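# Any chance you can model this:
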Amino acid sequence: MTTGADPYNPNPQTPAIYRDEPARKSAPVLEVGAIAWIRQNLFRTWFDTILTILAGIFIVSVLTSTISWVITRANWSIINFNLRLLMIGRFELEYEWRIRLVVLLFAFVGGFALSAFGRASRQLVIGTIAVLIVLFVAPPLITATTPLPPSYLAVGNIDIVSGTATENAQPQLAFLGKGGEEISLTVAESLSDDDQTLALLHSFADEATNTLRNGAINRLEAIRLKTELEAKLAGNGLTPNQRERLTADLARITILETPITEAYQLNSLAVNVRILRGSTGEVLGEGTVERGSDPLTVTLPEDGWYIIEKTPVGDAEGITLLETHGIYPLLERSITRIAEDAAIGTSQSITQYVRFTDFYTTEETRPEIGDENVPMALSIDLRYQGLSTLPHYLRLYVVPFFNQLRMPLLMIVIAVALGYLVSRQGIDRFMSASELPRSNSVRIATWLIIAAPPIAFIIIYGTGGILPFTDTRRWGGLMLTIFLSLAGIVLSFPLGLLLALGRRSSLPVISQACTLYIEFVRGVPLITVLFMSQLLLPLVSPGLADFPNVLRATVGIILFSAAYLAENVRGGLQSVPKGQIEAATALSLSSSQIALFITLPQALRAVIPALVGQFISLFKDTSLVAIVGLQDLLGMAQVVYAQTEFIGLRRETLLFIALIYFTFSYSMGAISRQIESSGSGATRKQQL
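Numbers count the residues shown, from 1 in each chain. Model prediction:
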């Protein structure tokens, strides 16, 4: 209601009532929201615009090439087959339950602490559920919609030559199969069309088939180079020296006049095929396959070894490629297992054979014919050739990886949820006062965080009584990295606090001793400390030679980390105003009370970013123990890609462990930001 002068009310003495709300104008599109942020931060000036475009082109090109390499060229079987080694090293199989128990313990404590000190956000819950759905739904969906790639096996009676390589087709091949699986064999007619088609082969292929493929690739490459050189020589812009050099390069190129498919009469021979039971030699199926014939199919009766025999029909020379489904490469590995029979000894070496596609494993003896072993379809002889397609990438690498992750991750999520519910629905609801609803849960969570690391160490290492000691020489992988990091963080923290307080002590002896220790350790590289713990300590005391190497390295890391942590804490102590210390002294508080209740809480809140930054650095620096013979995550990665079956797959392994390091480091950084926003950050806002 208005009573003043109004152009819309000619009689100002009469009250006027406006029932319609005045029109509201929306903010300009370019001034608020995402568009405004982009305009302000990325395209504010012409120089920013150029930098943004160049950076965008660079990022897109890097992401495109990386994703292309990951899907088409990378061989991730090294991760799938060695995931256990990368996670826990060569830890004893019979004690592996201890590691599972420790992981669930930490998951429970983490869920309990999350409820006590904060709350689970909706985004976190939805994201976790989405990840679990993908892990459980994607593998069966991909398996049902994407068939496995075939394996190409060569059959023939002539040598296959490509450059300096010469291969012969294997007449027999042993492979693993499961009961009810169907083996299908037919002639790969499409590969005999021309060299271009043969060069584009992308699937499993034995050495003979791969030699044919390489011959086609080399011939096509020679033709391409010759065409390019002839085109350059036909031009007029070459100097005499350039023309002479290109002419010499052209003379060195040798091109086979006959295409590879014609030179070897590819797929011209009929082939007799037999499928035998590996243990008895019983013939399960046989027939002749040739171009235009129906596929030969055999259903396997049971799990175990089988043999395929393939021989050409007639005396004509040539090579035929069989496209087979159900025959896939194998990995041979040796494991050490505690013997059940005491008469055998304490341990025995077991040879296992693992199928590449689904990790089907057997310990049966490989088949023999006469006194000789039948050649196996090993992964080094029957490997994936060519650029893999997206369906093959999902079927061969993603599905096995998800199958290994889904159950452990589900158990971890259940343990976290259980800890969260126990804290929120149990402790907070029934055991805490209404005015302080989280007092008991916070107290219990604090003690659980303090007690979890030593309990985990006792469970893994053993007690010598109920829990036998484990061999620390078998500790490795991510487990050892996390153990060294936790020990360095948890045990160096109180030592660092004491050193920081001691350096500020009024007693000269204590202050100088702490200063000397801190400055000496900070002036020595971590690798030197590790070498001292491994090599020099046994010389100081011969009794230390029997002390486990892992524990010696742990002590060195703790002593090293404590010195750096002390300096961070000292910086926080210096940020506390002296007036607070003087006020506390005037209230007759002792030095220990002032440090415990006045200065340390404020100092630690002020240096949260520095402390977490040091913890992240320590987590990454544990990789240095690989130099002194311990097989942490990086050391185990070096062992993995040194295996014969996985030579040349270093990039895949290092990229995988880099993602692991990034995940843990980013998680610690996120926790740091959460703590700072609720502690130090909130305190600063209140002070301002």
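
# any idea how far residue 307 is from residue 332?
17 Å (C-beta to C-beta, to the nearest Å). Placement of C-beta: from N, CA and C, glycine included.

# Neighbour count: the two, which is higher?
Neighbour totals were compared for residue 307 and residue 332, and residue 307 leads with 21 against 15 (other C-beta atoms under 10 Å).

# Give me the three-state assignment for that one.
strand (DSSP: H, G, I helix; E, B strand; the rest coil).

# repeat for residue 149
Classification of residue 149 by three-state DSSP places it in coil.

# Let's test this: mean pLDDT of the top helix by length along the chain, rounded?
Ranked by residue count under DSSP state H, the longest helix found in the chain is helix 650-678. Here helix 650-678 scores 88 as its mean pLDDT.

# Which secondary structure state does the closest residue to residue 282 other than its chain neighbours sit in?
Spatially, and ignoring its direct neighbours in sequence, residue 282 is nearest to residue 276 (6.5 Å; C-beta to C-beta, 6 or more residues apart in numbering). Following three-state DSSP, the label given to residue 276 is strand.

# low-confidence ranges in the stretch 201-350 of the chain?
Applying pLDDT under 70 to the stretch 201-350 of the chain flags the ranges 337-347.

# Tell me where it has strands.
203-205, 271-277, 283-289, 296-299, 304-312, 319-325, 330-338, 347-355 (DSSP state E, counting those that start in this stretch).

# Tabulate those (TSV), appending distance to residue 102.
Output for the strands of the stretch 201-350 of the chain, formatted as TSV (distance: least, C-beta to C-beta, whole Å):
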stretch	distance to residue 102
strand 203-205	39
strand 271-277	44
strand 283-289	47
strand 296-299	45
strand 304-312	37
strand 319-325	43
strand 330-338	21
strand 347-355	24
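
# just so I know, which of the ones you listed lies nearest residue 95?
strand 330-338 (9.7 Å; C-beta to C-beta).

# related to what we said a few turns ago, and the strands of the stretch 201-350 of the chain: which comes nearest residue 581?
strand 330-338 (60.4 Å).

# Show me what counts as buried in the longest helix of the chain.
Residues of helix 650-678 classed as buried by neighbour count (16 or more other C-beta atoms under 10 Å): 652-653, 656-657, 660-661, 664-665, 668, 672, 675-676.

# can you check stretch 458-468 too?
Neighbour counts over stretch 458-468 (16+ other C-beta under 10 Å) mark 459-462 as buried.

# do the same with stretch 245-254
So stretch 245-254, judged by 16+ other C-beta under 10 Å, has buried residues residue 246.

# quick revisit: select from the buried residues of stretch 458-468 every entry located in helices.
459-461.

# want to try a markdown table for those, with distance to residue 516 and pLDDT as columns?
Output for those, formatted as a markdown table (distance: C-beta to C-beta, whole Å; pLDDT from 0 to 100):
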| residue | distance to residue 516 | pLDDT |
| --- | --- | --- |
| 459 | 38 | 93 |
| 460 | 36 | 93 |
| 461 | 33 | 91 |
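
# got TSV for those residues, with distance to residue 35 too?
Shown next, in TSV, are these (distance: C-beta to C-beta, whole Å):
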residue	distance to residue 35
459	55
460	54
461	58
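
# Out of the strands of the stretch 201-350 of the chain, which is closest to residue 241?
Among these, if distance is taken as C-beta to C-beta, the winner is strand 203-205, at 43.7 Å.

# how far out from the middle of the chain is that closest one?
Relative to the mean C-alpha coordinate of its chain, strand 203-205 is positioned 26 Å out (C-alpha atoms, centre = their mean, to the nearest Å).

# I figured residue 418 hits residue 111, correct?
Yes - the pair residue 418 and residue 111 qualifies as a contact (C-beta atoms under 8 Å) at a distance of 6.6 Å.

# So between the two, which is more surrounded?
Between residue 418 and residue 111, counted using other C-beta under 10 Å, the more crowded position is residue 111 (25 against 15).

# how about that one, what does it touch?
For residue 111, the contacting residues are 415-421, 423, by C-beta atoms under 8 Å, 6 or more residues apart in numbering.

# Would it be right to say that it lies in a strand?
No - if the criterion is three-state DSSP, then residue 111 is helix and not within a strand.

# Off-centre distance for stretch 622-642?
Using C-alpha atoms, centre = their mean, the offset of stretch 622-642 from its chain centre is 15 Å.

# Quick one: residues in contact with it.
Taking C-beta under 8 Å, 6+ apart as the criterion, the residues outside stretch 622-642 that touch it are 78, 82, 85-86, 89-90, 475-478, 480-481, 484-485, 488, 526-527, 530-531, 534, 549-550, 553, 557, 646-647, 649-650, 652-654, 656-657, 660-661.

# List the buried residues of that stretch.
So, applying 16+ other C-beta under 10 Å, buried residues of stretch 622-642: 622-626, 628, 630-637, 639-641.

# What's the PyMOL line that selects buried ones from the contacts of residue 111?
Here is the PyMOL command that picks out the buried ones among these, judged by 16+ other C-beta under 10 Å:
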select buried, resi 415+416+417+419+420+423
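
# Could you tell me which of the contacts of residue 111 belong to helices?
Using DSSP H, the subset of the contacts of residue 111 located in helices is 415-421.

# Out of the ones in helices among the buried residues of stretch 458-468, which is nearest to residue 376?
residue 460 (36.8 Å).

# Excluding sequence neighbours, find me the nearest residue to that closest one.
residue 98 (5.4 Å).

# looking at this, that neighbour is in a strand?
No - according to three-state DSSP, residue 98 belongs to no strand; its state is helix.

# If I look at it, what pLDDT would I see?
As summarised for this prediction, residue 98 has a pLDDT of 94.

# so how many other residues sit close to it?
If you count neighbours by other C-beta under 10 Å, residue 98 ends up with 20.

# got a list of what it touches?
Contacts of residue 98 (C-beta under 8 Å, 6+ apart): 459-460, 467, 470.
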